[in-house]
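Participant: I would like to see how this sequence folds:
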Amino acid sequence: MPAPHRRPATPRNRSTVTVGDVADLLDALAPPSLAQSWDNVGLLTGDRSLTCQSALLCIDLTLPVLQEAVKAHHSLVVAYHPPLFRPVQRLLADSPNTDAIVYRAIATGIAIYSPHTALDAAPGGTNDVLAALCGLSEVEPFDYPTPPSTQSKIVTFVPAAQVDRVADAMADAGAGRIGQYEHCSYRLTGKGTFFGTESTQPRVGRRGRLETVDEIRIEMVVPNRLLPEVIDALLRAHPYEEPAYDLYPLAQPPTFGIGRVGRLPKATTLRSLAAQLKEATRSKVASIVGRPGTPIRRAAVCVGAAGRLPFEKPRAADCDVIVTGEIRHHDALTILRHGKTAIALGHAESERPILPILAARIKSRWPHLPTTVSRQDVPPFIPA
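Facilitator: Here you go, the predicted structure:
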């Protein structure tokens, strides 16, 4: 087997753009943290330090798309769908699966980046573009997933005379930072009680009797990654032999979410919206669920395959139509039973309108970087 060919890195100058530079821009446009937990997004293969001579955008990285990239000497392929989705144990050139295409991309020195569901959720991403093609107003996500907790609130109880010492020690370890402010805490006066058994050595009061102490409750936020250091600082500074403390995970405020819902222009029917979207997306496989003349006022938009998910979400429950890429037979029956309608544009057709917009965003950052949409990236389904 021949050794993989790698493009030599060119000296950096003010106009040089690396694969990592483009990946960082795409991460900023569609933060990987917005992706669904099951997804695989970001820079999948490649050397971040190599110069990016040009970029090719597509929905699916097929063999014809890769051949196009090789022929045009593209350094990076931005494939909306990740060609590496599940963990792989081998990459074989003769495989019938997408791992063969990934192998060939690596062998020719072409990097691969995939934004997928991160771009679906991001502002100005695939769902916002499709919502704009529908003419929606008052647009918002139809579901806000709960972001993972990155901070906690730590609470402890300290005699008034030592409260500043404990709070300062916790702050020095990283607690109590909110934005550009430090040593932030909330303090509440109360009384604490304890009874030390014969095996204890209380530093306040005496064992063998119930003690009542004027205490101050201290609450401070702390990044989860610093919890061990902050707890250690609390225990070292606290005057009690066995300090009590509580940890409360803090939920992140929801920001961007799944899909979009919004209000359609007046006097819109299922037929008219389907015709409008079929022309805008150049879909040759668009279909509808429901009677063509049905008046529709609110729409739920979800590129790819929405299924019946929108109608299971409170913000989309009052929508008259689902605009998506593909719908399974039994989901279509469920939609009809709910008295709703749907438009299926084709899976890739619903996603494709983002590609020229994404290319323009890359060009606006680096006007000298050739960035094109693949001509060989075509949907797998065509009219019979």
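
Participant: where do the strands sit along the stretch 51-200 of the chain?
Facilitator: 55-58, 76-79, 111-114, 137-140, 151-159, 186-195 (DSSP state E, counting those that start in this stretch).

Participant: Please apply the same query to the stretch 201-350 of the chain.
Facilitator: Assigned strands in the stretch 201-350 of the chain, in chain order: 210-223, 245-250, 260-263, 287-289, 298-305, 321-326, 341-344 (criterion: DSSP E, counting those that start in this stretch).

Participant: closest to Ser54 out of these?
Facilitator: Minimum separation from Ser54 across the strands of the stretch 201-350 of the chain (Cβ to Cβ) falls at strand 298-305, 26.4 Å. From N, CA and C alone the C-beta is placed, and that goes for glycine too.

Participant: next one: that closest one to chain centre, how far?
Facilitator: Mean-position distance between strand 298-305 and its chain equals 18 Å (Cα atoms, centre = their mean, to the nearest Å).

Participant: same deal with stretch 295-313?
Facilitator: 20 Å.

Participant: coming back round to it: go through the strands of the stretch 51-200 of the chain and pick out the most buried.
Facilitator: Of all those, strand 76-79 carries the top mean neighbour count, a mean of 28, counting by mean count of other Cβ atoms under 10 Å.

Participant: Where does pLDDT dip in this structure?
Facilitator: 1-14 (pLDDT under 70).

Participant: quick one, what contacts the residue lying farthest from the centre of it?
Facilitator: Of all residues in the chain, Gly208 has its C-alpha farthest from the mean position, at 56.3 Å, by Cα atoms, centre = their mean. Counting by Cβ atoms under 8 Å, 6 or more residues apart in numbering, Gly208 makes contact with Gly196, Thr197, Glu198.

Participant: Not counting sequence-adjacent ones, nearest residue to Cys302?
Facilitator: Leaving out its chain neighbours, the residue that sits closest to Cys302 by Cβ to Cβ, 6 or more residues apart in numbering is Gly259, at 4.0 Å.

Participant: Hmm, that neighbour is touching Cys319, no?
Facilitator: No: Gly259 is beyond contact range of Cys319, at 10.1 Å (criterion: Cβ atoms under 8 Å).

Participant: Quick check on the two: which one has the bigger neighbour count.
Facilitator: Gly259 (27 against 24; other Cβ atoms under 10 Å).

Participant: who's in contact with that one?
Facilitator: Contacts here follow Cβ under 8 Å, 6+ apart; on that basis Gly259 touches 120, 127, 141-143, 300-302, 306, 309-310, 313, 316.

Participant: buried subset of those residues?
Facilitator: The neighbour count (16 or more other Cβ atoms under 10 Å) marks 120, 127, 141-143, 300-302, 306, 309-310, 313, 316 as buried among the contacts of Gly259.

Participant: Out of those residues, the closest to Thr281 would be?
Facilitator: Nearest to Thr281 among the buried ones among the contacts of Gly259 is Val301, at 12.4 Å by Cβ to Cβ.

Participant: roughly how far apart are that closest one and Pro310?
Facilitator: Val301 sits 8 Å away from Pro310, going by Cβ to Cβ, to the nearest Å.

Participant: anything in contact with each of these two?
Facilitator: With Cβ under 8 Å, 6+ apart, Val301 and Pro310 have common neighbours Gly259, Val261, Ile322.
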